[in-house]
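> Build me a model from this:
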Amino acid sequence: MKKILFILTTVFSVTIAAAQGCSDAGICSIHHGFDSNKKELKNSIEIATVFGAGEADVTYFSPYVSYARKVNERFSWSSKVSFSAANGSFGTRASFGDAFLIGNYSFRAKKNTQWSLTSGWKIPFTTANLKINGYSLPLDYQASLGTFDLFLGTNLNYKKWNFNAAIQIPVFNNNKNSYFKEFSGTNDFPSTNLFERKSDALLRATYTLKTPNQKFTFKPNVLFIYHLGEDTFENTFGQRETILGSDGLTINGNLISSYAINTRNSIEISLATPFVVRDIRPDGLTRSFVLGVQYKILF
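Alright, predicted model coming up:
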């Protein structure tokens with residue numbers, strides 16, 4: 001228990017310190033929903049909301065609903081629909097964001113080790129060009145990046161450890177954002193007119209701790225997200241321009257804490273904050289901290 005309290009204190013202290021930002025276009029959550037060990041229960045529904053603070057004075061309220069189905073002993077799939085409301089000096093803008101459809105195939109477990117493969121798609125509900133009173137908004141206020149993304153990943157469970165590796169590839173870009181900082185009256189956000197985003201690669205390590213009565217579970221984890229190139233936008237002369245410093249590494253710390261109400265119902269709280277960030281994050285995914293609350297039911 002002392003070990004658990006130490007980890008909790010450390011993560012909360014880092015979170016309160018308000019680091020500079022973090023980036024996640026969906027890749028961090030693709031393995032979520034496949035971790036139920038109740039073999040007799042094939043279905044799960046998650047209802048959750050995420051609170052966050054971003055660049056300048058932008059704050060976020062982002063609920064989502066997720067459904068997962070265990071088809072058989074090897075194959076599972078999950079779906080998710082997200083919504084996002086952003087509020088800041090530009091005003092408030094809310095919209096449905098993306099739909100996710102993810103499949104997972106688990107290989108036969110050997111002793112304390114089990115591998116699985118994951119793949120799926122992210123489908124946007126918007127073209128990332130929502131406006132307020134006719135004025136273009138930066139991507140920080142958009143509910144989606146407007147890209148159709150492919151996910152490919154693998155997962156290794158070893159005793160109390162879990163390791164994820166994944167890549168997120170924008171396959172088709174439908175981003176029609178029209179924001180220019182030159183016409184906005186502020187330098188808080190970079191220009192992202194007709195924004196094109198590069199791929200992300202992720203590596204995550206998670207350690208699981210449980211109390212003796214199995215009611216509480218704590219999962220401290222660290223995520224390394226590498227943005228595999230510099231993003232671009234179309235400038236006022238109609239020429240594609242590279243956004244210098246938009247590639248590189250982000251390192252996030254995360255603590256997931258869950259309480260099992262009974263064998264079918266649970267509540268989960270997650271806290272995340274970045275330790276290392278890219279020089280510039282034009283995609284609007286910067287967060288100084290993220291707090292998520294989730295209710296899950298198995299049936």
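
> F125: neighbouring residues, count only.
15 (other C-beta atoms under 10 Å). To be clear about C-beta, it is placed using only N, CA and C from the backbone, and glycine gets the same treatment.

> Pull up the per-residue confidence for the closest residue to it other than its chain neighbours.
With sequence-adjacent residues excluded and distances taken as C-beta to C-beta, 6 or more residues apart in numbering, F125 is closest to F96, at 4.3 Å. F96 is assigned a pLDDT of 97 by the prediction.

> Can you spell out which helices and strands pack onto the host helix or strand of F96?
Element membership of F96, judged by DSSP states H and E, is strand 91-106. Counting contacts by 3 or more C-beta pairs under 8 Å, 6 or more residues apart in numbering; DSSP states H and E, strand 91-106 is packed against strand 75-88, strand 113-124, strand 131-132.

> what comes up buried for it?
Neighbour-count burial for strand 91-106, with 16 or more other C-beta atoms under 10 Å as criterion, is recorded at R93, S95, G97, D98, F100, I102, G103, N104, S106.

> Out of the residues you listed, give me the two with the largest separation.
R93 and S106 (39.8 Å; C-beta to C-beta).

> how about the helices in this protein?
Remark: helices of the chain, listed N- to C-terminal, are 2-16; assignment by DSSP state H.

> lowest average confidence, helix or strand, in it?
The least trusted helix or strand in the chain, going by mean pLDDT, DSSP states H and E, turns out to be helix 2-16, with a mean of 41.

> re the thing from before, looking at the helices and strands packed on strand 91-106, which is closest to Y226?
Using C-beta to C-beta as the measure, strand 113-124 is the one of the helices and strands packed on strand 91-106 that comes nearest Y226, at 18.2 Å.

> So which residues of the stretch 101-250 of the chain form strands?
113-124, 131-132, 135-136, 147-158, 161-173, 200-207, 209-210, 216-227, 232-234, 240-242, 248-260 (DSSP state E, counting those that start in this stretch).

> Show me the shaky parts of the stretch 101-250 of the chain.
Along the stretch 101-250 of the chain, the model assigns pLDDT under 70 to no residue.

> okay, now L139: neighbour count?
Burial measure for L139: 28 neighbouring residues, criterion other C-beta under 10 Å.

> pretty sure it contacts Y179?
Yes: the pair formed by L139 and Y179 meets the contact definition of C-beta atoms under 8 Å, at 7.3 Å.

> and for the two, which residues touch both?
With contacts defined as C-beta atoms under 8 Å, 6 or more residues apart in numbering, the residues adjacent to both L139 and Y179 are F189, T192.

> and the residue nearest to F125, how far is that from Y64?
With distances defined as C-beta to C-beta, to the nearest Å, the gap from F96 to Y64 amounts to 10 Å.

> Identify the contacts common to these two.
Taking C-beta under 8 Å, 6+ apart as the contact rule, F96 and Y64 both touch V81, S82, F83.

> who wins for most neighbours among these?
When neighbours are counted by other C-beta under 10 Å, S82 leads the shared contacts of F96 and Y64 with 23 neighbours.

> if I pick it, what's in contact with it?
So, once contact is read as C-beta under 8 Å, 6+ apart, S82 ends up touching S62, P63, Y64, F96, G97, D98, A99, F100, A143.
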